[in-house]
Structures are given as C-alpha cells and as structure tokens.
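Peer 1: everything below, folded, please.
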Amino acid sequence: MRTTVFGMAVILATAGVLFTCGQSKAAETRPAAGSKAPAFMLKSFDGKEISLSDYAGKIVVLEWFNYECPFVRYHYEKAGTMVELANRYRDKNVVWLAINSTSHATPDQNKEFADRHKLPYPILDDRLGAVGRAYGAKSTPHMYIIDTNGVIAYSGAIDNSPLGREKEGVINYVDRALAELTAGKPVSAAATEPYGCSVKYGKAPAFTLKSFDGREISLSDYAGKIVVLEWFNDECPFVRYHYEKAGTMVELANRYRDKNVVWLAINSTSHATPDQNKEFADRHKLPYPILDDRSGVVGRAYGARTTPHIYIIDAKGSIVYAGAIDDSPLGRKQEGATNYVDAALAELAGGKTISTPTTRPYGCSVKYGR
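Peer 2: Residues are numbered from 1 along each chain as shown. Predicted coordinates:
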C-alpha cells in the first residue's frame, strides 16, 4: 500500500511527532528577500562561537534544522541533499550553517547527528528562538540564502518535492539560487513557500523570585508586556559603569516605561547579600526591583553568562533578544557605539523585526554557586 505524505502525517502525529506542511503560527513575519539579513551570534553545539559577520563577503546558506523532523531526516538519511549541496558549493564562496531553534533540543543529540552524518558545517544552538523568530523561520527545513552584501537573496523551501514525492519535474530551489548567485546573476525565484515540520519554539522560562526588598515577582505578572531581564551584580565593574558613569539601565527603563516595557534586574551571585543590593538600589534610585536568584536556578534556565547579560521577552512571552547591552564595554568606543537593547526595544515598539536578535554578552562571569 502506498503511503502518502498525508498518511505519514497521520501516522507520525499518532506517534507524537507533529508537523505541518505549510503555515506555522510560531513565526508570523519574516524579512522579505531584498532586506538586510538580521545579524546574530550563536554557539554551535560543539561549543564554537559563530557570528554572521564572520562571513562578510561570502554567500551564506541558513538551514533551519531539527533532527526529529521526518522532512529533515529525509534530506540527510535518504536524499543527502544538504551535505551534497554544502560540499559542492564550498569552493564557490558559499558557507552553510544549520540552526536548531527547537526549544527541547539537546547538545548530545545534535552532536551525535552531526558526527553520524559527517556534517561539513556546524549546527548552531538557537534553543531560545531569538534568531529563528527574527528571520521568521516557520518550518524545518526552512532555507535562507544571504548574498555577499548581507542581503537575503532567497527564502523558502529546499525544493518542490516534500519527502521525495515528486518523481518528475523536481526543482531544487536552493541549488538553482546558488548557481545563479555564484554566476553573478540575480536569483530568479527569491521566495517560495517552505514545507516541513513547524519550528518548535519555546517560551521564556517562567519564574517567581523575591526582590531583595521582599516582594514576590513572577514573570507571569507581566503577561502582555515587553520584559527586559538584566543579569546584575553590584560588585562587577562592567555593571557599575552602566550605573555610576553611563546611567544606561535606569535611563532606558525610564524612557520605555510608558511603552509597555517592564525592566527587572536579576542577581544570581551566590554570595550576594540583601543589604548590599538594597543599598545599591536606593543609592541609584532604581525604578525597578533587583530579584534574588542566589540559588542560580533562573540564571541557569536562561543561560545567563555575564553581568550584564540582557534578555528581552516580547508581549507573547518569547525571547526576542539575548546578549550584550551594547558594543562598548566600559565605554571604550568614543564614537559609533550601538546600544543593542535600545535598538531592539525601539524596533519592537515600532512593530518591526529585530535586526540583531543575538550578540556576544560581555562583562563579569555570573558567580553561580555550586
């Protein structure tokens, strides 16, 4: 008996593997072909830090990936599409990056998949989903091609044959677009409808913490609002600079307060004391609380690495920015500094896609306890 794609969907859904061949509500908008590709910095599942800017002047293919998805597995275990294309175009100024935005993905499973299939490119860890949402990735696979000027040249499906069901007239859209770009020609079909499993985005980890002045605060208290989480340590010189010299955090919190934005500082320093935090808050007239995460549970759930380390959660409860406050540690840039958080909040308030959803955080390491 011939198994149709619909029939396979029913079988897999019954088995607990859910996918859609079309629209996913997780990502409602995406940058159109011809627009600037959102910048990002992500770690690969084997620990390498990779930024889109590392490949300036190259053609970059982004493949949204999930090893659990049958549409993805088909292209690795049967057709060999992705690896063949990546290898064929590697010497033609083309870089291939797989990105996994599956919230429940594990490093071990991704590393095992990469080793088993001898991937010639990394799988990047976007479990927070900020990069996937910035691109509007809807399915796995969902393909983006970025040209040498950093502009999206193609967005959509890998081909027109889900699970190899088309026996004749198969068009590999990515192969065609890469052939055109590497020949110096414009891409003839810049957008197609992606197919596959919906991207399994997660929500920002929920929490309830007490502030150092005794109030109990839950993330759910701010449902429907934009929430900024600032990892904080009053002993850290990078934090102190933004309070004692630049005034960055308080100024931003005050400026966006009337734009549906809530600011929360979180201290995951294991040896922090209530008195020190309350004194700091009083001295700097903080318009927001400092939350007590001395246990480190919330910091570890978010993957907070430095103080400061900033996360922005949108009104739907999704993480849309993670990284540094700016690109000027201790104010070392005299001109041309970019405040990533200000830019992201302005874009959110204006209903725009966040142009830089992740950056490398800087500062003191978070002083977690054992």
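Peer 1: thought Leu62 was touching Ser101?
Peer 2: No: Leu62 is beyond contact range of Ser101, at 11.0 Å (criterion: Cβ atoms under 8 Å). Yep, even glycine has a C-beta here, placed from its N, CA and C like the rest.
Peer 1: and those two? Which one has more around it.
Peer 2: Ser101 (29 against 26; other Cβ atoms under 10 Å).
Peer 1: which residue packs closest to the more buried one, ignoring adjacent ones?
Peer 2: In this structure, Ser101 finds its nearest non-sequential neighbour in Gly132, 3.5 Å apart by Cβ to Cβ, 6 or more residues apart in numbering.
Peer 1: where along the stretch 151-300 of the chain do the helices fall?
Peer 2: Secondary structure of the stretch 151-300 of the chain (DSSP state H, counting those that start in this stretch): helices at 173-182, 237-240, 248-256, 274-283, 297-302.
Peer 1: winner for burial among the ones you listed?
Peer 2: Of the helices of the stretch 151-300 of the chain, the one with the most neighbours on average (mean count of other Cβ atoms under 10 Å) is helix 173-182, at a mean of 20.
Peer 1: could you list the low-pLDDT ranges of the stretch 1-150 of the chain?
Peer 2: Within the stretch 1-150 of the chain, the set of residues satisfying pLDDT under 70 comprises 1-30.
Peer 1: swap in 50 and give it another go.
Peer 2: Where the stretch 1-150 of the chain drops to pLDDT under 50, the residues are 1-28.
Peer 1: all helices of it, in order?
Peer 2: 5-14, 70-73, 81-89, 107-116, 130-135.
Peer 1: and among those helices, the most buried is which?
Peer 2: It is helix 130-135: most buried of these by mean count of other Cβ under 10 Å, with a mean of 28.
Peer 1: quick check: phi and psi on Ala315?
Peer 2: phi -70, psi -10 (degrees, to the nearest 10).
Peer 1: what's the domain layout of the chain?
Peer 2: Per automatic domain parsing, the structural domains of the chain span 16-198, 208-365.
Peer 1: quick check: closest non-adjacent residue to Ser304.
Peer 2: Just to correct that, residue 304 is Ala rather than Ser. Leaving aside its sequence neighbours, Ala304 sits nearest to Trp231 (Cβ to Cβ, 6+ apart; 4.3 Å).
Peer 1: my error: substitute Pro287 in the last question.
Peer 2: Per Cβ to Cβ, 6+ apart, closest to Pro287 is Ala253, 5.4 Å.
Peer 1: now do the contacts for that neighbour.
Peer 2: Contact analysis of Ala253 by Cβ atoms under 8 Å, 6 or more residues apart in numbering lists Val228, Val261, Trp263, Pro287, Tyr288.
Peer 1: again, but for Ala281
Peer 2: By Cβ under 8 Å, 6+ apart, the neighbours of Ala281 are Phe212, Asp213, Pro289, Ile290.
Peer 1: can you say which of those are buried?
Peer 2: Neighbour-count burial (16 or more other Cβ atoms under 10 Å) is assigned, among those, to Phe212, Pro289, Ile290.
Peer 1: which one of those residues is nearest Lys92?
Peer 2: Ile290 (52.3 Å; Cβ to Cβ).
Peer 1: ok so, going back, among the contacts of Ala253, name the ones in strands.
Peer 2: Among the contacts of Ala253, the members found in strands (DSSP state E) are Val228, Val261, Trp263.
Peer 1: distance of the nearest residue to the last one once chain neighbours are set aside from Arg165?
Peer 2: In space, and not counting its chain neighbours, Trp263 is closest to Ala253: 3.9 Å by Cβ to Cβ, 6+ apart. As for Ala253, its distance to Arg165 is 53 Å (criterion: Cβ to Cβ, to the nearest Å).
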